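J.: Model the following, please.
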Amino acid sequence: MKIRWLSGAAAFALAGVVVAVLPASATIIVELGNNPQVDENVQFNNGEVDNAPLIQGSTNKSGFLVDFFGAGEDLSSPSRGQARVEAEDGSTLDALTVALNATGSSFTSLIYNLDAVKDGSVTFTVNPVVGDPFVGSFDLDKNGQNFFTITAIDGPRITSVGLASTVGLEDLKQVRIGGAVVVVPEPASLGLLGLGALGLLARRRHND
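T.: Numbering: from 1, shown residues only. Alright, predicted model coming up:
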């Protein structure tokens, strides 16, 4: 298990939409195993982007679009239902990034299973909304499942997770994402925006 301290976030509701503000510090944890908490399955359905450098699935409950970015190769999902991603040309995957498609969105957990063609290692780069990325390397086993659970606890938000493998990956599958929200500035920042708007309104009235 790898742990690093990062900036955090607290959630609240605004106009019926779950959003988040960005306060103090918290922890990103990457661990072996399938350890779901509030995660949703990511699925591929008809009408979503496929057979391209960027393909899209969606969360099965909240309906967030989930982007999968390939590194110089087209990606495809060979079966509908729970997300499974592989290289479109039948070769192996070397690198991939997962992120939510909506502008300003972020999440708190990501789970997936990697199929490695031989023993090797994978390096994850976890990008938070604020603060430095977490980077950690883990072993891959060609003879078993390689489940990884990436979790932001005590409040941080994750914008994307990239992986780079030292060996080819047959696919990435059984993808789950938890805590998907839209991110907004801190209340203090919102206050400044409000003061700016009032100033602009006063200026317009003066000019009138």
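
J.: longest strand of the chain?
T.: Under DSSP state E, the strand in the chain containing the largest number of residues is strand 158-178.

J.: Touching, Leu172 and Gln82? I think so.
T.: No - counting by Cβ atoms under 8 Å, Leu172 stays clear of Gln82, with 11.6 Å between them. To be clear about C-beta, it is placed using only N, CA and C from the backbone, and glycine gets the same treatment.

J.: And these two? Which one has more around it.
T.: Taking neighbours as other Cβ atoms under 10 Å, Leu172 and Gln82 compare with Leu172 leading, 22 against 16.

J.: where along this protein do the helices fall?
T.: Here the chain has its helices, by DSSP state H, at 187-207.

J.: so where is it shaky, pLDDT-wise?
T.: Scanning the chain for pLDDT under 70 picks out the ranges 1-26, 46-50, 183-208.

J.: Against Ile177, how distant is the closest residue to Asn35 other than its chain neighbours?
T.: Of all residues not flanking Asn35 in the chain, Thr149 sits nearest, at 4.3 Å (Cβ to Cβ, 6 or more residues apart in numbering). Using Cβ to Cβ, to the nearest Å, Thr149 is found at 11 Å from Ile177.

J.: Looking only at neighbour counts, state which of those two leads.
T.: Higher neighbour count among Thr149 and Ile177: Ile177, with 29 against 21, using other Cβ under 10 Å.

J.: That one contacts Ser109, doesn't it?
T.: Yes - counting by Cβ under 8 Å, Ile177 touches Ser109, with 6.9 Å between them.

J.: Need the overlap of contacts for those two.
T.: Common contacts of Ile177 and Ser109 (Cβ atoms under 8 Å, 6 or more residues apart in numbering): Asp39.

J.: hey, what's in contact with both of Thr149 and Ile177?
T.: Joint contacts of Thr149 and Ile177 (Cβ under 8 Å, 6+ apart) are 109-111.

J.: Now do the spatially closest residue to Glu86 that is not a sequence neighbour: how many residues are near it, please.
T.: Distance criterion Cβ to Cβ, 6+ apart; nearest residue to Glu86, sequence neighbours excluded, is Asp171 at 4.1 Å. Residues within reach of Asp171, counting by other Cβ under 10 Å, total 20.

J.: Test my guess that Asp171 contacts Leu93.
T.: Yes - counting by Cβ under 8 Å, Asp171 does reach Leu93; the two are 7.1 Å apart.

J.: Give me the common contacts of these two.
T.: Taking Cβ under 8 Å, 6+ apart as the contact rule, Asp171 and Leu93 both touch 85-86.

J.: How about the contacts made by Ile153?
T.: Residues near Ile153 by Cβ under 8 Å, 6+ apart: 26-29, 108.

J.: Need those residues in JSON lines (columns: distance to Ile158 and neighbour count).
T.: Compiled in JSON lines, those are given as follows (distance: Cβ to Cβ, whole Å; neighbours: other Cβ atoms under 10 Å):
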{"residue": "Ala26", "distance to Ile158": "11", "neighbour count": "20"}
{"residue": "Thr27", "distance to Ile158": "12", "neighbour count": "16"}
{"residue": "Ile28", "distance to Ile158": "7", "neighbour count": "26"}
{"residue": "Ile29", "distance to Ile158": "11", "neighbour count": "18"}
{"residue": "Thr108", "distance to Ile158": "7", "neighbour count": "25"}
